[in-house]
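> how would this look folded up:
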Amino acid sequence: MQVIYCGYSNGLLRIVFSRDDVARTRVAPGADPLWELVLSLHLLRRPSLDPVLAGWRGGVREGLRGVAEIRSFAAVNPSHGYFPDFLTPHDGIEGLDAGLDAVRSTPKRRLRRELSLMTSPPPGLPRGEIPALVQLTGVMKRYQDVAITPYLPQIRAAVEADRAHRARTMLDSGAEGLLAGLHPGIQWSDGVLEVSNYPSERELRLDGRGILLVPSFFCCGAAITLVDPTLPPVLVYPVDRLGGLAGRASGEAALAALVGRTRAQVLDVVGDGALTTEVARRLGISPAAASQHTTVLRNAGLILSRRDRNTVRHTLTPLGRALLTPP
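Numbers count the residues shown, from 1 in each chain. Now for the predicted structure:
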C-alpha cells in the first residue's frame, strides 16, 4: 500500500462481527461519489506532502478561485473533527444524482440532530429549510465538476485496481482473509476489526447487518465510518493512489513508453471490442503476434478476452480504458 502523508489521531475504532456479519461483508461496486466529494474537500484544505495529490490540488484550487459559494459546503464539512452523516447517504453508492437527492431529502429531525453535534453549525441548515439544502447540493455539484469529474478516469482506475485485488483475496482466502488484509492500519482478530489512528475511541457492533467496504481515492490515513450506529454500516478505506492522479499527464506517447508502441496500438484497436484477427489485420501484424500482445495485456489486467468457438473477442477493462483515455 502507498504511504499517504496525512495527520494521524490516537483513537481506535473496534468493529465487532458475528459469524453472520463476516458472511455479509461485501465490497462496494466502486467509489461512492458522495464520500469522494466530502473527503476530497478535507484533503484540499489539509497540508500534505503526497506527491500524487500535488497536481490535483493546484488544479482544483485554481478552478475554485472566486467561487465564494464553496464556503457554505466547507462550513458543513470541516476538515477536522465531526462532519454530519447526512452528507454521505447510503444512496450515494447508486451514483451522484441519487446521493444528492438523498441529501436534499434529509428529514428535519435528523438534520437538526446531526448539526447540533457540530462546533459551529452553518446558518440556515439547522432549521431544515428546503432552499438551504437545495443551495448546499448545488454547491456540492459545482465542487464535483471542478474537483472530481475531470479526474474520474484516474480515480476509477485506482479504485478498480483495488477491487480486483480484493476479489482475488476473497477467492483465495474468503471474507476473513479480505478483512485481515484490508489496510496496514487495520487489524483483524477473533471477530473484531480494529482501525488504528481513528479520531476517537469507539466500538461499533454490526449485530448481523454485515458491512459494506467502500474503497476511496480521497480517504486519507485511517479508514472511516458513519457516526450514527443505527445507519447501514460502512467502512470507507483508502486505496493505493499510484496510477491514479499521477498519470493525469499521460498521453499516447507516455502510454507507448509504458507498454510499448505496438501494445498501445492494440489497446486502441480493442477499445470498442475486437477479435484477435481484427487486431492483426488493422495493425499489419501476424495473428500469432497479436495473440502474444493480447496475452500480455490481459495478464496485466488491461483487457478481457472471451472465447466463442474458434474466435477470441477482446475488450478493455476499466483500468485499460483509463490508461487509453486520460482526461
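> would you map the helices across the protein?
Along the chain, counting by DSSP state H, helices occupy 19-23, 33-45, 51-63, 70-76, 96-104, 108-115, 130-147, 152-180, 252-259, 261-270, 276-283, 287-299, 318-324.
> which one of those has the lowest average pLDDT?
The weakest mean pLDDT among the helices of the chain belongs to helix 252-259, with a mean of 67.
> break this protein into its domains for me.
Domain ranges of the chain: 11-238, 250-324, per automatic domain parsing.
> now mean neighbour count too, for those, in CSV please.
All C-beta spots, glycine's among them, are computed from the backbone N, C-alpha and C. Shown next, in CSV, are the domains of the chain (neighbours: other Cβ atoms under 10 Å):
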stretch, mean neighbour count
domain 11-238, 18
domain 250-324, 16
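> if we can go back for a sec, take the helices of the chain and write them to CSV, including distance to Asp308.
Formatted as CSV, those follow (distance: least, Cβ to Cβ, whole Å):
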stretch, distance to Asp308
helix 19-23, 35
helix 33-45, 35
helix 51-63, 40
helix 70-76, 50
helix 96-104, 36
helix 108-115, 52
helix 130-147, 40
helix 152-180, 24
helix 252-259, 26
helix 261-270, 16
helix 276-283, 12
helix 287-299, 15
helix 318-324, 20
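> tell me which of those helices sits nearest to Cys220.
Nearest to Cys220 among the helices of the chain is helix 33-45 (5.7 Å), distances taken as Cβ to Cβ.
> right, and the helices of the chain - which one's nearest Tyr198?
Tyr198 lies closest to helix 33-45 among the helices of the chain, at 14.9 Å (Cβ to Cβ).
> residues contacting the closest residue to Ile15 other than its chain neighbours?
Excluding the flanking residues, the one nearest Ile15 by Cβ to Cβ, 6 or more residues apart in numbering is Leu193, at 4.3 Å. The contact partners of Leu193, by Cβ atoms under 8 Å, 6 or more residues apart in numbering, come to Arg14, Ile15, Phe17, Leu179, Leu182, Ile186, Gln187, Leu235.
> what is the nearest of those residues to Gly99?
Each of the contacts of Leu193 was scored against Gly99 by Cβ to Cβ, and Leu235 proved nearest at 17.8 Å.
> and Arg163, how far from Val192?
Relative to Val192, Arg163 is positioned 24 Å away (Cβ to Cβ, to the nearest Å).
> first-to-last residue distance for stretch 173-186?
This stretch, stretch 173-186, spans 17 Å end to end (Cα to Cα, to the nearest Å).
> so which of the helices of the chain is nearest Pro199?
Pro199 lies closest, by Cβ to Cβ, to one member of those: helix 33-45, at 11.7 Å.
> and the closest one, how far out from the chain middle?
10 Å (Cα atoms, centre = their mean, to the nearest Å).
> these two touch, right, Leu37 and Tyr143?
Yes - the criterion here is Cβ atoms under 8 Å, and Leu37 meets it with Tyr143 at 6.6 Å.
> indicate which one of the helices of the chain is closest to Ser305.
Among the helices of the chain, helix 287-299 sits nearest to Ser305 (Cβ to Cβ), with 5.3 Å.
> tell me what the closest one is packed against?
Here helix 287-299 touches helix 261-270, helix 276-283, strand 303-308, strand 311-316, going by 3 or more Cβ pairs under 8 Å, 6 or more residues apart in numbering; DSSP states H and E.
> got the CA positions of the second one in PDB?
To tie it back to what came earlier, the one meant is helix 276-283. What follows is helix 276-283, C-alpha atoms only, in PDB (Å, rounded to 0.1, in the frame of the first residue of the first chain):
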ATOM      1  CA  THR A 276      -7.600 -11.300 -32.500                       C
ATOM      2  CA  THR A 277      -7.700 -11.500 -36.300                       C
ATOM      3  CA  GLU A 278      -9.100  -7.900 -36.400                       C
ATOM      4  CA  VAL A 279      -6.200  -6.700 -34.200                       C
ATOM      5  CA  ALA A 280      -3.700  -8.400 -36.500                       C
ATOM      6  CA  ARG A 281      -5.300  -7.100 -39.700                       C
ATOM      7  CA  ARG A 282      -5.600  -3.500 -38.500                       C
ATOM      8  CA  LEU A 283      -2.000  -3.300 -37.200                       C
END
